[in-house]
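Engineer: Just to be clear, the model below is a prediction. Sequence and coordinates:
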Amino acid sequence: MAASTIKPDEVILFFHTCAWRAPDAPDTWVLPIRGIVFEPEADSRVRDAFLRRLRDYLGLSDTQATSTLYQERARPFVVDHERGKRLAIRLGGRTLTLPPSGADGHFAGELRLRDAEVRPLFESPTESNPWVPYQAVTARPDRRVFAGAVQLLKPEGLSVVSDIDDTMKVSHCLDRARLLDGMFLRDFRAVDGMPALYARWAAQGAAFHYVSAGIWQFYEPLAAFCATAGFPRGSMHLQPFRIADGTADDAFEFPERKKRGVLAELLRNYPRRRFLLVGDSGQKDPELYAELARAHPDQVQRVLIRDITNEPAEADRYRTAFEGLPRDRWQIFREAREIDGAL
C-alpha cells in the first residue's frame, strides 16, 4: 500500500474543502484535497530574526512574548515548509496519491469518485450536503493520524460566502494595533448574533464558505474558534504565506485581490447554486462583492455588508460601489438581527 513520504518530525494539516459535480459526468464528484506539510519549530537564523521582528512589530513585553497564547499563535510562523512530499490518503477502502507539495509546503489535488464510492463514507447520511472524512496514510511505524474532510455540495442550493474578520470575528481591522493584539494576544471573540444567525441559515439548508485574506498560519485557531462559537462547519479558504517569500508586513496585508480568485473559483464550480455574500466595510468587500454581483447576476443573489466605518447606506462609497444593482440586492447592516430574514 502506498504511504505518504513524510518523516516522523513532519506534520500534515488538511483544510476543509467542498466538492462539486464533474461537468462531464453527472454521477461523479470532484473532491479537492488541500493542505500543507511542514516541520514545526525548526532552528533557523532567518526564523529567529522573523520572530524578533514580529515581537518588535507587536511591541510586546517580555511577559506577553512568553505567554502561552502568543507562543501558540506565533508557532506556525517558525516552521520548515516541506517541498516535494507525496501524500497518500485513504477514502473508505481506497488509497489515493496526491501531487507533490510545492516550495511553500502546500499541496492540492482533485479526486474523482462516483456516487457509489462516496455514499458509504458520509459522516451523516441525512445531511443534504454531507461531509466525507479521509486521513493520510503514513508508513509504519508512524501511527499518527492526520485527518481531513470534504463537503459534497449539491449542484443547486444556497451558499453563504462569508468574510471572517469583523464579519464573524471582532478584529478591529481599522486599528492596526488592536488588530495585531487580537491576532496574537487575545482569545477570538464572535460578532454578537452572527453564530446564531449562521446556524439558523444552516438549518434552512445553506452551505458555508469562509473566505479570508488571512494566512494559513491562523487556520487551526480560526477553525477552533468557529467550532467553539457555534458557526456551522464550512470550507475555509486562507492564503499561503512563508517567511522566505515575504516579510512580517506582507503577512498582515489584506487586499481584496487575495479573495478574488477564491470567489471566482466557487462561482465557476457551482454555476447553478445561488450565493449570498457577507462581508464588512472595513476593507474592500463592498466593491469586490458588487463587482461579482454585476458579473454573475444569476448566481449572486444578495450582498450584505456589516458597517464598521459608520457610513450610511446612502454614502457616496456605496452609491459608487453598487451602481447598477437594484437596491434590494444589497444591504448595509450593523447588527445580525437586521439581516435575519435575508434568506
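Structural biologist: Cool, got the structure. Numbers count the residues shown, from 1 in each chain.
Engineer: The protein - how does it break down into domains?
Structural biologist: The record's domain parsing of the chain by automatic domain parsing lists 11-40+81-152, 158-339.
Engineer: Just send the ones you listed back as TSV, with mean pLDDT too.
Structural biologist: What follows is the domains of the chain, written out as TSV (pLDDT from 0 to 100):
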stretch	mean pLDDT
domain 11-40+81-152	93
domain 158-339	92
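Engineer: Dump these into JSON lines; add mean neighbour count and distance to residue 62 as well.
Structural biologist: The way it works is simple: take the backbone N, C-alpha and C, and place the C-beta from them, glycine included. Compiled in JSON lines, these are given as follows (neighbours: other CB atoms under 10 Å; distance: least, CB to CB, whole Å):
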{"stretch": "domain 11-40+81-152", "mean neighbour count": "17", "distance to residue 62": "23"}
{"stretch": "domain 158-339", "mean neighbour count": "18", "distance to residue 62": "13"}
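Engineer: Let me have those in TSV, extended by distance to residue 75.
Structural biologist: Compiled in TSV, those are given as follows (distance: least, CB to CB, whole Å):
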stretch	distance to residue 75
domain 11-40+81-152	7
domain 158-339	9
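Engineer: nearest to residue 49, of those?
Structural biologist: Nearest to residue 49 among the domains of the chain is domain 158-339 (8.9 Å), distances taken as CB to CB.
Engineer: can you pull the contacts of the spatially closest residue to residue 111 that is not a sequence neighbour?
Structural biologist: Nearest residue to residue 111 in three dimensions, chain neighbours excluded: residue 31, at 4.5 Å (CB to CB, 6 or more residues apart in numbering). By CB atoms under 8 Å, 6 or more residues apart in numbering, the residues touching residue 31 are 17, 19, 91, 110, 111, 112, 113, 118, 132, 150, 152.
Engineer: if I look at the residue nearest to the third one when sequence neighbours are not counted, how far off is residue 35?
Structural biologist: Okay, so that is residue 91. Of all residues not flanking residue 91 in the chain, residue 134 sits nearest, at 4.7 Å (CB to CB, 6+ apart). Residue 134 sits 11 Å away from residue 35, going by CB to CB, to the nearest Å.
Engineer: which residues are in contact with both of the two?
Structural biologist: 14, 148.
Engineer: Tell me how far the helix or strand containing residue 19 lies from the chain's centre.
Structural biologist: Assigned by DSSP states H and E, residue 19 falls within strand 17-22. With CA atoms, centre = their mean, to the nearest Å as the basis, strand 17-22 stands 16 Å off its chain's centre.
Engineer: Note down every partner strand of the following helix or strand past that strand and its orientation.
Structural biologist: Sequence order places strand 25-40 as the next helix or strand after strand 17-22, per DSSP H and E. Using DSSP bridges, the strands paired with strand 25-40 are strand 11-15 (antiparallel), strand 17-22 (antiparallel), strand 79-81 (antiparallel), strand 106-114 (antiparallel).
Engineer: Quick one: closest of the ones you listed to residue 55.
Structural biologist: Using CB to CB, those put strand 79-81 closest to residue 55, at 17.4 Å.
Engineer: Which residue is most remote from the mean position of the chain?
Structural biologist: The outermost residue of the chain relative to its centre, with distances by CA atoms, centre = their mean, is residue 141 at 32.6 Å.
Engineer: In contact with that residue: list those residues for me.
Structural biologist: So residue 141 contacts nothing (CB under 8 Å, 6+ apart).
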